[in-house]
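# can't give you the sequence, but here's the structure:
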């Protein structure tokens, strides 16, 4: 019988987020966490991934991973449209699931292959996306396995410290402002609604949304024994590269080629206690990843920064000076002043997230970020899309 402190992980996908996970699992303490296999349709990339991170087995399909009796948890580092079916398959096979953000999306399931997915009415998207999320939660609960939502902001050291400060202050969270911005996604899937289920607001905005919902939930539970939930949302979205002054043929550094998704979005959340949260997301910001959250309480003001931490600053007169050394995610050039990140996986909460997830599997306990949080974020995002499409405030179900 295997030691319960040993947790075996099967990674699905071998891209950018899978690399982040591999580094994070390697830093788990107190448990014996091992990636025992990686499954990917891209075999060449998967073999390179396995070699880099010491993964013993490379599999060509997801079913082969589920058939392995030594795999305790599958970590889904795959496009959004695969999250629901893979979670349901994994749960049926008795595997715990770590799901990358967002938990799911409107994937156009059931529509013809040539359908214009982005033209689907936003109310239908909202209904379908929430149905996907609830099906994932139900499948894992029915199977008696954990659905762990990889929202790294909830685990970031700055936000965990903020949560402790909020509890110590015992004030009311009156307003939060937070966002994630950079110059564009790594993923080739990100430009199409069919694969991602949305643009910047879904890919980036879910981070501050998740953190805000978590903090208001904790505030409500601490004070009244029940979460403070979002009541309404107002939003706008757009593709800033479609502005008349932006000429795609000219030299620029922000990503272009957005087919039918937005590269900018802003939303205002109204919570049921009347407090507010402002979310912003953009793929048109240069200078490296920006991730921050401000929390204004009745008796305090807290600022959290997950990217430009200020721990290191470096100057180079030419980009060749620091050639070969990683500085910070999405930085366009290493010339001039830059804020090199000593450990992005730690600062952004990825390490702490997998530490919690491994502990949840080993000790059979609930994670800090679970499928229910992921489900609530999905409802909020698609209600925001409905608001933007119809130009009105959208009320959420009580």
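The structure has been received and is ready for your questions. Computed from a predicted structure; not experimentally measured.

# wait, residue 298 sits on residue 172?
Yes. Under the criterion of CB atoms under 8 Å, residue 298 makes contact with residue 172 at 4.5 Å. For glycine as for every other residue, the C-beta is placed from the backbone atoms N, C-alpha and C.

# Between the two, which has more neighbouring residues?
residue 172 (15 against 11; other CB atoms under 10 Å).

# So that one is in contact with residue 297, correct?
Yes. The pair residue 172 and residue 297 passes the contact test of CB under 8 Å, sitting 6.3 Å apart.

# other SSEs contacting the one helix or strand residue 141 maps to?
Secondary structure from DSSP states H and E places residue 141 in helix 122-143. Secondary-structure packing of helix 122-143 (3 or more CB pairs under 8 Å, 6 or more residues apart in numbering; DSSP states H and E): helix 83-92, strand 96-100, strand 147-150, helix 371-390.

# of all those, which lies closest to residue 310?
strand 147-150 (26.1 Å; CB to CB).

# what's the next secondary structure element after that closest one?
helix 152-155.

# Which elements pack onto that following helix?
helix 206-224, helix 350-363.

# Tabulate those helices (CSV), appending distance to residue 304 and mean pLDDT.
Shown next, in CSV, are these (distance: least, CB to CB, whole Å; pLDDT from 0 to 100):
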stretch, distance to residue 304, mean pLDDT
helix 206-224, 8, 97
helix 350-363, 14, 97
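
# Next, the buried residues of stretch 231-251.
For stretch 231-251, the neighbour count (16 or more other CB atoms under 10 Å) marks 231, 233-235, 237, 239-241 as buried.

# Show the contacting residues for the most centrally placed residue in the chain.
Centroid-nearest residue in the chain: residue 101, 3.2 Å away (criterion: CA atoms, centre = their mean). Neighbouring residues of residue 101 by CB atoms under 8 Å, 6 or more residues apart in numbering: 149-152, 206-207, 210, 374, 377.

# Looking at these, which one is closest to residue 292?
residue 207 (10.3 Å).

# That closest one reaches residue 153, doesn't it?
Yes. Using CB under 8 Å, residue 207 is in contact with residue 153, at 4.6 Å.

# Now do the shared contacts for these two.
With CB under 8 Å, 6+ apart as the test, residue 207 and residue 153 both reach residue 291.

# what's in contact with the helix holding residue 141?
83-84, 87-88, 91-92, 94, 96-97, 99, 103-107, 109, 146-147, 197, 371-372, 374-375, 378-379, 381-383, 385-386, 388-390.

# Now do that helix against helix 83-92, angle only.
10 degrees (axes from the mean of the first three to the mean of the last three CA atoms, to 10 degrees).

# Could you list the low-pLDDT ranges of the chain?
Regions of the chain meeting the criterion pLDDT under 70 cover residues 1-4.

# so what are the domain limits for it?
6-151, 153-351+381-395 (automatic domain parsing).

# Between the ones you listed, which one is closest to residue 362.
Judged by CB to CB, the one of those that comes nearest to residue 362 is domain 6-151, at 5.2 Å.

# What distance separates the opening and closing residues of that closest one?
24 Å (CA to CA, to the nearest Å).

# So which residues of the stretch 151-300 of the chain form helices?
Listed in chain order, the helices of the stretch 151-300 of the chain (DSSP state H, counting those that start in this stretch) span 152-155, 157-169, 193-196, 200-203, 206-224.

# Tell me which of these is the most buried.
helix 200-203 (a mean of 29; mean count of other CB atoms under 10 Å).

# Against which helices or strands is it packed?
strand 230-238, strand 264-271, strand 276-282, helix 371-390.

# Which one of these lies nearest to residue 304?
strand 276-282 (13.6 Å).

# got a list of contacts for stretch 70-79?
By CB under 8 Å, 6+ apart, stretch 70-79 touches 7-15, 17-18, 21, 36-37, 65-66, 82-83, 86-87, 90, 95-100, 146, 148, 150, 187, 189, 195-196, 357, 361.

# Tell me what angle the helix holding residue 141 forms with helix 371-390.
170 degrees.

# buried sites along helix 122-143?
Under 16+ other CB under 10 Å, the buried positions of helix 122-143 are 122, 125-126, 128-130, 132-137, 139-140, 143.

# Neighbours of the closest residue to residue 199 other than its chain neighbours, how many?
Using CB to CB, 6 or more residues apart in numbering and skipping residues adjacent in sequence, the residue nearest residue 199 is residue 261, 3.2 Å away. For residue 261, the neighbour count with other CB under 10 Å is 25.

# returning to that earlier point: nearest to residue 58 among the helices and strands packed on helix 152-155 would be which one?
helix 350-363 (20.9 Å).

# helices and strands around the closest one, which ones?
By 3+ CB pairs under 8 Å, 6+ apart, helix 350-363 packs against strand 6-12, helix 16-26, strand 96-100, strand 147-150, helix 152-155, helix 344-347.

# Next, the buried residues of that helix.
Here helix 350-363 shows 350-362 as buried, counting by 16+ other CB under 10 Å.

# Next, the angle helix 157-169 makes with it.
For helix 350-363 against helix 157-169, the angle by the same axes, to 10 degrees is 70 degrees.
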